[in-house]
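# have a look; sequence and predicted model below, questions after that.
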Amino acid sequence: MARPLHLTALRLLAAIDELGGLGAAARAMGMAQPNASRTIASFERELGADLIERGPRGSAPTPLGRSVLAAAAPLFDAVDAFHHDIGLLTADESAPLRVSASMTVAEHLMPGWLATYRGRHPGADVGLRVRNSERVFDEVVAGTCDIGFVETPLARKDLHGTVVADDHLVIVVSPDHPWAKRGRHAADHEPGPGGRDHGPVTAEELAATPLALREPGSGTRAFYDRALAPWHPVPPAVELGSNAAVAATVRAGGEPGVLSELAVADALSRGDLVAVDVDPRLDLSRSIRAVWRGTGGPGRVARELIDIAAS
């Protein structure tokens, strides 16, 4: 027969261990000391063993008590996560919505999503922080934002997520770069001498070429590094902290760059940049995800923004 769960007694035992006395533990938990003492005594009777050692200078867990606390650690985490999830699910819909988004999402997708959200909720209090993907994960884990949006696979065991959109990375060069003649649809042309004047840029060529890339921690950089990993790429020529900086470097006649198709759509349509055909072995398609903390799903307000993004 399963034993009853003495959660209050376990919390008291943890407080005794931290504060060094039953009286201090009772005060920390808002209990009268006699009630706290009875709670611990009842738990000890249930187990048939002492959990705390009482002395003139205070109280402390017995060796068994410390073992019980160690076994209870996952339970405390689960209870805290449960309360967090319940708070999200019952949150006031007028409460502020705090969003953290990676740069590509924030610059090219979030404005439309938030305009739709504010159209439904005039006067809504929405805060947007623009971060790289790793910082987004950090802020969601820490609880400093309600929902995050990233372009990287979900690699944090304490987070949950769902795909809301698709994206594609492109290799871009300036119009006068030698690779420009290998731009999109150039693969239909006859190859020049050596066979590589017009065909797709191979994975081996990309790996051997120093590129203009986003900084480590960005979703674009993380995704590209994983895609090229089998070919052991050389270090980048330059690492830059924004999409605009990478695009400007490439446009000025520098090295080829790697960016989201969303970030260079206007430059490609104007002819300022050329998107290069790449090796079909190299899959540069990726998913954009909403991420949140806890197992109960995002709160109602955050869920509406996710639904807008997914639609």
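Okay, I see it. Everything numeric in this text was worked out from a predicted model, so none of it was measured. Residues are numbered from 1 along each chain as shown.
# let me see the ranges of the helices in this protein.
Per DSSP state H, the chain has helices spanning 7-19, 22-28, 33-47, 63-89, 103-108, 110-120, 133-142, 203-208, 219-228, 243-251, 261-270, 300-310. These are given in chain order.
# with mean neighbour count and mean pLDDT added, can I get these in CSV?
The way it works is simple: take the backbone N, C-alpha and C, and place the C-beta from them, glycine included. Putting the helices of the chain into CSV (neighbours: other CB atoms under 10 Å; pLDDT from 0 to 100) gives the following:
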stretch, mean neighbour count, mean pLDDT
helix 7-19, 19, 86
helix 22-28, 19, 85
helix 33-47, 16, 87
helix 63-89, 14, 74
helix 103-108, 22, 92
helix 110-120, 15, 92
helix 133-142, 21, 91
helix 203-208, 16, 95
helix 219-228, 21, 93
helix 243-251, 20, 94
helix 261-270, 16, 94
helix 300-310, 18, 90
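# contacting residues around the nearest residue to Phe43 once chain neighbours are set aside?
Once its chain neighbours are removed from consideration, Phe43 has its nearest residue in Ala9; the separation is 3.8 Å (CB to CB, 6 or more residues apart in numbering). By CB atoms under 8 Å, 6 or more residues apart in numbering, the contact list for Ala9 reads 39-40, 42-43.
# mind doing that once more with 7 Å?
With contacts taken as CB atoms under 7 Å, 6 or more residues apart in numbering, Ala9 has the following neighbours: 39-40, 43.
# repeat that for Glu139.
With contact taken as CB under 7 Å, 6+ apart, Glu139 is in contact with 100, 129, 131, 145, 148.
# circling back: who wins for proximity to Asp166 among the helices of the chain?
The closest of the helices of the chain to Asp166 is helix 261-270. By CB to CB, the value is 9.9 Å.
# list the helices and strands that closest one packs on?
The contact analysis (3 or more CB pairs under 7 Å, 6 or more residues apart in numbering; DSSP states H and E) places helix 261-270 against helix 103-108, strand 159-173, helix 243-251.
# switch the cut-off to 10 Å
Contacts of helix 261-270 with other secondary structure elements, assessed using 3 or more CB pairs under 10 Å, 6 or more residues apart in numbering; DSSP states H and E, are made with helix 103-108, strand 159-173, helix 243-251, strand 257-260, strand 274-276.
# can you add distance to Arg286 and give the ones you listed back as JSON lines?
Output for the helices and strands packed on helix 261-270, formatted as JSON lines (distance: least, CB to CB, whole Å):
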{"stretch": "helix 103-108", "distance to Arg286": "10"}
{"stretch": "strand 159-173", "distance to Arg286": "5"}
{"stretch": "helix 243-251", "distance to Arg286": "15"}
{"stretch": "strand 257-260", "distance to Arg286": "9"}
{"stretch": "strand 274-276", "distance to Arg286": "16"}
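# between those, which one is closest to Asp50.
Proximity to Asp50 (CB to CB) singles out strand 159-173 among those, at 40.6 Å.
# could you pull out the buried residues of the closest one?
159-161, 164-165, 167, 169-173 (16 or more other CB atoms under 10 Å).
# from the contacts of Ala9, which is closest to Gly119?
Taking CB to CB as the measure, Gly119 lies nearest Thr39 of the contacts of Ala9, at 52.7 Å.
# residues contacting the residue positioned nearest the centre of the chain?
Here the mean C-alpha position of the chain is nearest to the C-alpha of Phe137 (CA atoms, centre = their mean), at a distance of 2.8 Å. If a contact means CB atoms under 10 Å, 6 or more residues apart in numbering, then Phe137 has 100, 102, 131, 148, 150, 152, 154-156, 158-159, 161, 217, 291, 293 as its contacts.
# which residue of this structure lies farthest from its centroid?
With CA atoms, centre = their mean as the measure, the chain has its most outlying C-alpha, relative to the mean C-alpha position, at Pro56: 49.8 Å.
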